[in-house]
Structure formats: C-alpha cells, structure tokens
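> okay, predicted coordinates and the sequence, questions at the end:
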Amino acid sequence: MSSIIIDRRRNSKGKSTVNRERFMRRYRRQIQKAVNDAVNSRSITDTDSGEEITISRKSLSEPFFHHGEGGDRDQTHPGNKEFVTGDRFPKPKGGKGKGKGGGGGDASDSGEGLDDFAFQINRDEFLEYLFDDLELPNMVRKELKESSEFAFRRGGFTSAGAPDRLNVIRSLRGAHARRIALSGKDRKEIRALKRELREMEVSPDDTNEARAEEIKLRIKELNEKIKRLPFIDDFDLKFNNLIKVPLPSSSAVMFCVMDVSGSMTRDIKDMAKRFFFLLYMFLQRNYEKVEVVFIRHHAEAKECDEHDFFYARETGGTVVSSALTLARDIIDERYDPKKYNIYVAQASDGDNWEADSPKCSKVISEDMMKNLAYYAYVEITDRHHQNLWHEYKKLEQAHPDHFAMSHIKGPTDIYPVFRELFEKKEAMA
Amino acid sequence: MTKSAKAPLFTGSEWNFGLIESIDHEIARIAKEFGLDTYPNQIEVISSEQMLDAYASVGMPLMYNHWSFGKQFLANQGNYQRGQMGLAYEIVINSNPCISYLMEENSMTMQTLVIAHACYGHNSFFKGNYLFRAWTDADSIIDYLMFAKNYIAQCEEKYGIDAVEEILDAAHSLQSQGVNRYKRPVPLSADEEKHRQKEREEYIQRTLNDIWTTIPQKFRKEEKVEARFPADPEENILYFIEKHAPLLDTWQRELIRIVRKMAQYFYPQKQTKVMNEGWATFWHYTLMHELHDRGIITDGSMLEFLQSHTNVVFQPEFDDPRYSGLNPYTLGFNIFTDIKRICLDPTDEDKRWFPDFAGNQNWGEVLDYAMRNFKDESFILQYLSPKVMRDMRLFTIVSEEANNYLEVGAIHNDEGFRQLRQNLAAQYNLGNLEPNIQVYSVDAKGDRSMTLRHYRHKNCPLDNGSTNEILGHIQSLWGFDVRLESVDGEQVLETYSTSAKGGDSEAA
C-alpha cells in the first residue's frame, strides 16, 4: 500500500473567490458605506490603491447556541504554583476574565467581540462600489450617433478579395473538400477493384491472370485521373472579410474650471479638488483615455498645470466668462466634439462680477452646450447664492439633461453631491 | 535491519517529490512495524494561498458556496498577510484515501514530521476510533460533498442565491443541534443520497400532511387528549425541522439535511480533539525518533523537529498572558506517552491506579485499545494518570453563582487526583459544554408554535443576544412562532420567544 503524492500547486488558488463574492454581495450596503466614508478621508492623488473596509462585527455574526455568564462552573487549569484546596479569591470584575476566572472561558469566543471586521478590497472593487449605480451622462447617445471614425473588423469570409487577406486554412479546407467530392466515384471503384485483387491473391488457384492485369491497369488509370484533379482551384479561395464598424469615441476630455480669486480659500479649493478628483476617476473608468484641461481664472483666465491649478494663489476680481470663453476656444482648437466626449466641471464660491453672469450664461448656452456631453457646476459656499447661481438655474432648466448644478457646503457633501449629479435617471426614458 | 548502516535520506532542507516519496515509504514501513492501521494516503502539496482556501472551507477539498466561508477567508487572509497568523503545516481529511495537505513552504524535515503526524497519526485514528467508525463514512465523504455542492448550486440557480442563503444561514446556526448525541446515525452515503433524494421528496411531503391533517377539523368536539407532539423531546432540532416543518419546500429540507449531515461528519472530531491530536503527536514523536535511530534522518533534522515539536506541545501556565486553556496536543501527548511509560516501567502508584495494564510490556496494544474505544471525556476519565496531573500541576477552580468568590477545588495531590480527573473529563464532555436544547412540543392543534427547552447544566443560562437571533432563524425555518424555555428540572427559569405575546409569559 503505497501513498499517492500529488502536486496541487498548479491548481487554481481561487477556490475562495466565489465565497468572497458572496460575502461582498451580502454586505454590499455596508461596504458601499465604508467606501463612501473612505473617499472623504483619502488622499486625492491616490487613485491606484485599494481600500481597507471595516464592517461592524455585530452585523455579520453567525450565532450559535452557547452559554452566557452565570451558573456554576468548574475549570481545570495547568501550572498550579501555590494553591491548595480551599483557597478563595474574589471573583474578577466583569466576569469575562479568561484566566483563572471560571466566568466566561467559553463565552469569550462567541463571535460577539466588539472589534470590527476589517478586510482589503482592491482598486477595481473600490471604484465599483464608489461608482455603483452612477451613469455617465449622455454617453450612449454620443457613441451611437456621432461617431465619425470607423474600424475594420473581421466578419466572416468571402470568395473574392485581395491576396493579402487570403485565408489559407479555409481555402485549403475548401480544396480538400472539393477533391474528396469530385474523386468519390473513382475512389469507390478503386476500392472495389482492390478488394477483388486481394481476393485473387488469397486464392491464387483460380486467379485469372488477365483479369488481374486488367484490374491493375484500371486502378492505375483511375489514380491518374484522381491526380489530375487540381490541388487548388480559384473556386476554393476564401478571403477574410472585413467589415466597417463605427468606432465609438473612447476618449474624453474634462475641463476643470475654477475660480482662484482671493475669495477662494484653501478649504474651498480642497473641496473643489476632491470633486474634480471624483469626476476624473469616474471618467477614467468609462473611457479609454481621459485628458484633463485645467483652467483657472480670476479677472482673466489661464490654462495651467495641475499644481498651479490647486496651489497658486492670485488675487483679482472675478470674471467667470473669461474662463468659459477660453474653454470654448480650446475646444474649437484642440478637441473635435466628434472625437471627444467633452465634460466641463466648474467649481466656484459663487462670486462673480455682477454684469458678467448673463454673459456666462450666453457663452454656455450658445457656444458650448451643443458640443458638451455634460456641464457640472458646483458652488462651494456656506453663504447665500449670488447672481451666478440664479443665472445658472435658468440654464439648468433649459438643458435638463446636459447641465447640472449643485451646492456644496462642507467636505461631507462632496460625495453625495457627486452621486446626485450622476445618479442614474430612470425617469428619463 | 542494521542500525546506522544507512546514509540519511536527506541532509538539506529542500524537499522534492522523490524525497517525499522515499521518506513516506520509510515511515510507512516503521508505522507498520508498530501496528498502525491506516487508510491509503493521498498526499497533496499545496501553496500557502491554497492553504488559505482550504482553511476557509472548513478544511474540505470541496465545499458548497456560502458567504460565511468568504468571511472566514477574508479574515484569515488579512491576518496572514499582516503576519498575525501562521498557517498550519498540514490539514488532514477523514476520507478514504486519507487526503493530507502539505505546504510547499515546509522544509524537508517539516514534511517528514507532517507525514508522520497526519498521514500515519491522524489517519490511523480516523480509521480506528469508534466514533469515526460509527458516525462517518470515510469512503463516501468526498462524493457526498460533491453531491452537496452540486445540489446547492442547482438550488441557487433555480430559487436564487438569497433564498438558499436564508436557509443555510438558519441551518448553520443550529449545527450543534443537528446531531444525535445518543442515537447511532446512519453513515453518509453519497450514491444513495442522490438516488433516494427524489423518493424522499415525495415521501416527506406525504408524511408531513399526515401530521398536519389532524389540525383544524372544524369545530369537531374532541376530548382533550394531551398527546404531545413530539412524543419525546427531540434533541436533533435540525432533523426535527427537516422532517416536520410544515411550510418548507422539499429542496429546503434537503439543504437542512446537507448541513445536518456535515455537522454529523464533524461531530466526532469535536469529541476527540485531545485524543486525536495527542495520538498524532505521540506517533510523530515516536516515528521521528525511530527514523533518527535508524539513521534515516540526520541529527540536524532531529533538532529542527524537536524545536517544532516543543512548540506544538507548549502549554502556557494559567497565569501566563498567552494562556488560553489547555492545549489538547499537550494533554493528549502527555497521556499517551504516560500510558507507554506505565506499560514499560510502572511505579507502585501506577500499579495501584492502572492494575489492568501497568507492566504490560506490549504497550502498542494498550495504546491501540485506548485509541479505538474512547472519546476525550472517557479517555481522560480512564487514562489520566497521577503523574500527568502532577507534572502539569493541574488544579480546579470552582465558581458558583451564589458565591462572590472563586474557590480552589481539587489539586494535584493524593486527595485530589480522582476529583481532578473527573473535573477535567467533564470539561471535555460536549454535553456539558454545549447547551442541551431539545424540541419539547409543537402546538399542532393550535397556532403551530414550537417550544424548545433548554435543560440547564449546573445552572448555566443561555447567552441572550445570540439566543434571540437564533430563534429568529428557527422561526424562519419552522414558519411559526418559536419559544424557548430555559428549565431546571421542571421549573422554567427563563423564556425566549419570537412573538411579542410569548414575551409576556416571562412575567407570568
């Protein structure tokens, strides 16, 4: 009786994957909540790491019948040093003491420990939970209607085509089939003749030499006939067929527009940054390529890099339209709306030069809206709304599907507002 | 066999399959000389990730899917990655052939140790011990698991994951109440399961109706015959629900049955922790020494082995911060080792205590008998010797609810030995450890509510939080209200109930 030794290391390691998914599925709500909480505390530039999720252990208990505290218990322990029978001690307080307390030796592992259950999820899962139920506004329409690029995809075979698209396997298979089909009758005859010949050989006594010779000749003749069949015919040639399919635009560009005038404090900028960050992650998940254009403005607008965008401080008045016209010009110049899904996210504390707001509204609705997939405006302030907000309200009514605005008061609002802006709108159908 | 004529089989720490095969061969030969009777071995080398997987599915090579295994996996994975938990060197499954997992990270010495421990120690225990023989069918467990996994997967497809999960959650919470402690069960058999499952479906539905047709015959005046149902309290709650719950579909009953069968399969392991580990540890110790004596393994390996053996049988004392109860490896190993000593070299004390076998030079036979015919409780009661009690310096702490102090009970002296041994044995009696809860009655003619009774042992109450939660689970299976009375004798001390109405009775 010898043992069997098996190397299982090559077997899949993922045996627990399904169970892990079951677990995640069951606690979806809690995980989602933990993810939402995590967003606000997480470093903004950190898009690659997963997240540690913590769920209260209470909600995932697997109860079983067990004793509670109380009752009479004897517990036997090792390592006695100086105790003798009859020694007495006060009961430890709380009764849960594991040691010599007879109290709760077996109750302590009851799964009711109050510490939380923590585990890791990876980046993709993090994003999935983060953006669960969110949809990219107006993306579908963009893909189907306006795509101007085409790609060739393989689609079946044709019998005519350029030589470089010749499909050798198909062609030879066709030729082979044709040869089988055309030579069938002859080969059948050959088989019959050969059988006759073999029979003659088995019983050489009554062999008819003449007949044998005749058969051999006939076989040779037939074989030659078969050989004359062309190995490959025009008729056999098969070519890979290419069909033209419209290529949905898979790139997006996101314009981050932010007021950097003196009234924007560091806190407000941080909040704006978080909002932009969420949008960026969201777009990244939906498009192959996402470009980002940063436009900061006070009385005049400038395109800048990320660092300047968030950290440079300048003073001056506030003319929002300057940024919008700049964005418009950049779109005209660099981003063909047919190739890009264009998103604009604007963050501001709501300050604007009084007479400028109508102008903003005009630039957006007349020049930009037709090219945009979405325009999101967040106002980060705890004061009353000013003219820009009221002006934008009108825009929102005019373009309910492409324009959204929301109000953020504090850091905890950011994610809810983001969700609100991009929530799946079921009623839209 | 000439001693030390052999060159050692290996000198380095790297293992390979050839080495494992030859060392297994050597161990098998020595084990045979010692008379160990084992199932054939199937040794599987796995990686640490796979070990984590195996941990999560209660060590079984295949298991149905359930979120709790995923939770287990995440917890282990986290602990392992943070370095808070080492992995076991091996897992061994009570099956025929006996499957053992070896971790690829182990050194050759460790692989040798593990083979001796699992493939010959545990393996022979599984094959020999009466509980395993009576309760489990090593031949068909893998087939049964396959059946269970497929069946549950089909149910998930048919009725949805949530519906299946609900039943499994509820059934899992009653696992400890899913075994017959006293009645001898019919061993598992996968073929029959599959074959008879259809039949059973129909049969169950029929017998069910028999019970419930006696319910509300309109206004028929019957003299009150207090025929209680069930006639005798039923200890196997899962079984009772499977057979008698009025509203369950047949597939739901089948799921309960699967959980019940799994609980039954694991039940002997719960009852023989000390013996099983002690036996395996005793044998790896013996076999390793034998290998060394015969020159098959080197002094270096022996040192490595002894270090890890010492860790395995390390018993922190009660006042050590690492203390978390008695180490079953230590206790079991000490008892088995001492049996051998009593056989070979008995003292006068041993002769008084163990007249049956003290001085019986055939220690292998004595050990074999002990392994086959006992479970932890009876094994300790029978074989725990004064020397072991003295060496481990065992003592009992008595805690009574009425007193505000703890008292030292029996200790390791002549007056205390017998009492101490009884105390320790009782500590391994599952009947004492797990609450004794039985189905007491079902109000078949009324609201169909079910009453469970918890028979208190030493006045120990139930844990409130979990008890209420489980009642919720039972209610979801039973379909009607469930009450649980915690009783001492006939006196009801506490009542739990799923209905608000039932809650009042606590005051009554």
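Alright, I've got the coordinates.

> per-residue pLDDT, residue 40?
Unless you meant another one, I'm taking chain A. Among the per-residue scores, A:Asn40 holds a pLDDT of 66.

> actually, chain B is the one I wanted.
Per-residue confidence at B:Pro40 stands at 94 (pLDDT).

> same thing with the one 5 residues further on?
At B:Val45 the predicted local confidence, pLDDT, stands at 92.

> that's a strand at it, yeah?
Yes. When classified by DSSP: H, G, I helix; E, B strand; the rest coil, B:Val45 is found to be part of a strand.

> what's the burial count for B:Glu469?
Around B:Glu469 sit 15 other residues, with neighbours defined as other CB atoms under 10 Å in any protein chain shown. (C-beta placed from N, C-alpha, C; glycine too.)

> state the distance from B:Ile241 to chain A.
As defined by CB to the nearest CB, to the nearest Å, B:Ile241 lies at a distance of 14 Å from chain A.

> and the closest residue to that residue other than its chain neighbours, how far is that from B:Ala163?
In space, B:Ile241 comes closest to B:Leu477 once its chain neighbours are excluded; the distance is 5.1 Å by CB to CB, 6 or more residues apart in numbering or on different chains. B:Leu477 sits 13 Å away from B:Ala163 when distances are taken as CB to CB, to the nearest Å.

> give me the below-cutoff pLDDT ranges for the stretch 151-300 of chain B.
When the per-residue scores of the stretch 151-300 of chain B are filtered using pLDDT under 70, the ranges that remain are B:182-227.

> what does the stretch 351-500 of chain B give?
By pLDDT under 70, the weakly predicted segments of the stretch 351-500 of chain B are B:500.

> so B:Phe69 is in contact with A:Ser16, correct?
Yes. With the criterion set as CB atoms under 8 Å, B:Phe69 and A:Ser16 qualify as a contacting pair; they are 6.8 Å apart.

> so between those two, which is more surrounded?
The residue with more neighbours, out of B:Phe69 and A:Ser16, is A:Ser16; 26 against 23, by other CB under 10 Å.

> just checking, the more buried one touches B:Ala56?
Yes. Because the distance of 4.9 Å satisfies CB under 8 Å, A:Ser16 is recorded as touching B:Ala56.

> between the two, which contacts overlap?
Overlap between the neighbourhoods of A:Ser16 and B:Ala56 consists of B:69-70, B:73, taking contacts as CB atoms under 8 Å, 6 or more residues apart in numbering or on different chains.

> return the subset of those residues lying in strands.
Where the shared contacts of A:Ser16 and B:Ala56 are compared with strands, as defined by DSSP state E, there is no overlap at all.

> switch those residues over to TSV; also include distance to chain A.
Shown next, in TSV, are the shared contacts of A:Ser16 and B:Ala56 (distance: CB to the nearest CB, whole Å):
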residue	distance to chain A
B:Phe69	4
B:Gly70	3
B:Phe73	4
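
> not counting sequence-adjacent ones, nearest residue to A:Glu189?
For A:Glu189, the nearest residue in space outside its immediate sequence neighbours is A:Leu222; the separation is 6.0 Å by CB to CB, 6+ apart.

> what's the answer for A:Gln284, then?
Per CB to CB, 6+ apart, closest to A:Gln284 is A:Val290, 5.1 Å.

> pretty sure that neighbour is touching A:Phe255, no?
No. With contact defined as CB under 8 Å, A:Val290 and A:Phe255 do not form a contacting pair (11.6 Å).

> give me the number of residues near whatever residue of the stretch 151-300 of chain B ends up closest to chain A?
For the stretch 151-300 of chain B, the nearest residue to chain A under the criterion CB to the nearest CB is B:Ser173, separated by 5.1 Å. Here the neighbour count serves as a burial measure; for B:Ser173 (other CB under 10 Å) it reads 23.

> may I have the phi/psi pair for it?
B:Ser173 adopts backbone torsions of phi -70, psi -10, taken as degrees, to the nearest 10.

> my understanding was that it contacts A:His66; is that so?
No. Counting by CB under 8 Å, B:Ser173 sits too far from A:His66 to count as a contact (11.0 Å).

> could you break the chain into its assigned domains?
In the absence of a named chain, this looks at chain A. When chain A is parsed with automatic domain parsing, its domains come out as A:19-58+A:116-132, A:163-241, A:248-428.

> to clarify, I was referring to chain B.
Taking automatic domain parsing as the domain assignment, the record places the domains of chain B at B:17-129+B:272-305, B:141-215+B:236-271, B:313-432, B:435-504.

> just name the most buried of these.
domain B:17-129+B:272-305 (a mean of 20; mean count of other CB atoms under 10 Å in any protein chain shown).

> give the contact list for whichever residue of the stretch 401-508 of chain B sits closest to chain A.
The nearest approach of the stretch 401-508 of chain B to chain A comes at B:Cys460, 3.2 Å away (CB to the nearest CB). Residues in contact with B:Cys460 (CB under 8 Å, 6+ apart) are A:67-68, A:70-73, B:435.

> list only buried entries from these.
Buried subset of those (neighbour count, 16 or more other CB atoms under 10 Å in any protein chain shown): A:67-68, A:70-71, A:73, B:435.

> before we move on, the earlier item: now the common contact residues for B:Phe69 and A:Ser16.
Between them, B:Phe69 and A:Ser16 share the neighbouring residues B:56-57, with contact defined by CB under 8 Å, 6+ apart.

> please name the strands paired to the helix or strand harbouring B:Leu452 in the sheet, noting orientation.
Element membership of B:Leu452, judged by DSSP states H and E, is strand B:450-455. The strands beside strand B:450-455 in its sheet (DSSP bridges) come out as strand B:436-442 (antiparallel), strand B:482-488 (parallel).

> dump the domains of chain B into CSV; add distance to A:Asp382 as well.
Shown next, in CSV, are the domains of chain B (distance: least, CB to CB, whole Å):
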stretch, distance to A:Asp382
domain B:17-129+B:272-305, 40
domain B:141-215+B:236-271, 44
domain B:313-432, 52
domain B:435-504, 43
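
> helix, strand, or coil at the residue nearest to B:Ile241?
B:Leu477 carries the three-state label helix when classified by three-state DSSP.

> list the contacts for it?
Contact analysis of B:Leu477 by CB under 8 Å, 6+ apart lists B:167, B:170-171, B:241, B:245, B:248, B:252, B:256.

> what about the nearest residue to B:Phe17 once chain neighbours are set aside, helix or strand, and which?
Leaving aside its sequence neighbours, B:Phe17 sits nearest to A:Ile5 (CB to CB, 6+ apart; 6.0 Å). Under the criterion of DSSP H and E, A:Ile5 resides in strand A:4-7.

> okay, the spatially most central residue of chain B and A:Gln75: tell me how far apart.
For chain B, the residue whose C-alpha lies nearest the mean C-alpha position (CA atoms, centre = their mean) is B:Lys270; its distance is 2.0 Å. Here the criterion is CB to CB. By it, B:Lys270 lies 19 Å from A:Gln75.
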